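Engineer: Predicted model, plus sequence, below.
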Amino acid sequence: MASEILDADVSRTSRAYRHIKRRIIRLEIPPGGTFTEAQMAAELGLSKTPVREALAQLRRERLVEIDSRSGCRAAPVTLKDTMELTAFRGLLESEAASLAASRLADIAQLQALEELCQSSYHEQDPASVDEFLERNTAFHCMIARAGGNDRLASALEEALHQLERLFRIGLLYTSRALEIVHEHEDLLAAIKAGDADAARAVAIAQARASQRMILDGLLASPDILSARIGMGATLAGRP
């Protein structure tokens with residue numbers, strides 16, 4: 001009986017976690033957007049406890065910020081964090097791709113990767129963007145797992161999930177559908193050829209292209225264009 005209660009609690013927490021994370025990643029709660037535990041609990045028809053546990057997990061993933069006085073908010077998007085996260089992804093994925101090229105021989109995995117790498121989207125169709133982001137993450141995570149380093153794969157998967165809303169911003173404001181398909185095909189070709197150096201180089205180039213896409217998307221956003229720039233702290237004490 002106790003185990004059944006525990007399973008139910010875990011299920012409710014997981015449900016709350018998926019719901020809130022999906023709303024943040026899909027920008028339904030925009031970067032910096034505020035909400036409360038009570039609001040989320042009401043949306044889900046749950047008590048505050050599973051919502052609080054879900055928010056704690058999302059806080060660890062740096063998608064949510066929690067303040068005891070002002071409530072919760074989706075973590076803001078900053079240029080510094082964007083640069084750090086995209087660079088971190090590049091470091092992880094270049095090693096993961098190199099390992100995969102040295103090890104991947106599973107025919108079923110290769111077939112799955114071939115199917116996933118054909119995924120595309122239309123920037124005017126939010127549903128196609130949703131599906132593409134899910135399949136894009138699955139593609140890169142499958143490559144990482146094929147490399148055989150579970151810790152590396154877990155770290156890359158977490159980084160990719162954190163990047164999904166940044167990818168979404170980039171996809172909404174830029175058009176790179178054909179380029180992304182070609183990039184995926186190039187990466188898979190290097191892995192299938194067993195060329196670890198080529199796979200590493202392709203992964204690095206793709207990470208840099210993704211970084212540029214995200215930055216272009218941020219710069220095209222009306223919120224960025226209308227943002228005020230403060231330099232008081234930087235100029236403090238200067239003549």
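Structural biologist: Done, it's in.
Engineer: Only the buried residues of stretch 45-60, if you could.
Structural biologist: For stretch 45-60, the neighbour count (16 or more other C-beta atoms under 10 Å) marks L46, P50, V51, R52, E53, A54, L55, Q57, L58 as buried. Where C-beta positions appear, they are placed from N, C-alpha and C, glycine not excepted.
Engineer: Kindly provide the distance from the fifth one to S11.
Structural biologist: Going back to what we said before, that points to E53. Separation of E53 from S11 (C-beta to C-beta, to the nearest Å): 12 Å.
Engineer: And for the first one?
Structural biologist: Look at L46 and S11: by C-beta to C-beta, they are 10 Å apart.
Engineer: Next: the third one.
Structural biologist: According to C-beta to C-beta, V51 and S11 sit 13 Å apart.
Engineer: do the second one as well
Structural biologist: When distances are taken as C-beta to C-beta, P50 and S11 turn out to be 9 Å apart.
Engineer: so where do the strands sit in the chain?
Structural biologist: Along the chain, counting by DSSP state E, strands occupy 34-35, 64-67, 71-74.
Engineer: most neighbours per residue, which of these?
Structural biologist: Among the strands of the chain, ranked by average contacts under mean count of other C-beta atoms under 10 Å, first place goes to strand 71-74 (a mean of 19).
Engineer: The strands of the chain into CSV, with extra columns for mean pLDDT and distance to Q109?
Structural biologist: What follows is the strands of the chain, written out as CSV (pLDDT from 0 to 100; distance: least, C-beta to C-beta, whole Å):
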stretch, mean pLDDT, distance to Q109
strand 34-35, 92, 39
strand 64-67, 90, 34
strand 71-74, 91, 34
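Engineer: do you know which of these lies nearest A127?
Structural biologist: A127 lies closest, by C-beta to C-beta, to one member of these: strand 71-74, at 21.5 Å.
Engineer: What strands flank the closest one, and is each parallel or antiparallel?
Structural biologist: strand 34-35 (antiparallel), strand 64-67 (antiparallel) (DSSP bridges).
Engineer: got a list of contacts for the first one?
Structural biologist: For strand 34-35, the surrounding residues in contact (C-beta atoms under 8 Å, 6 or more residues apart in numbering) are I29, S70, G71, C72, R73, A74.
Engineer: How far does that strand sit from its chain's centre?
Structural biologist: 21 Å (C-alpha atoms, centre = their mean, to the nearest Å).
Engineer: and the closest residue to L187 other than its chain neighbours, what does it touch?
Structural biologist: Distances taken as C-beta to C-beta, 6 or more residues apart in numbering place V202 nearest to L187, at 4.8 Å, with adjacent residues excluded. By C-beta under 8 Å, 6+ apart, the contact set of V202 is A97, E183, D186, L187, A190.
Engineer: Nearest to A209 among the residues you listed?
Structural biologist: Looking across these and measuring by C-beta to C-beta, the closest to A209 is E183, at 6.7 Å.
Engineer: how close does S47 get to T13?
Structural biologist: From S47 to T13 the distance is 11 Å (C-beta to C-beta).
Engineer: that older thread, can you lay out the strands of the chain as TSV showing distance to Y173?
Structural biologist: Converted to TSV, the strands of the chain look like this (distance: least, C-beta to C-beta, whole Å):
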stretch	distance to Y173
strand 34-35	24
strand 64-67	24
strand 71-74	19
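Engineer: Thank you, goodbye.
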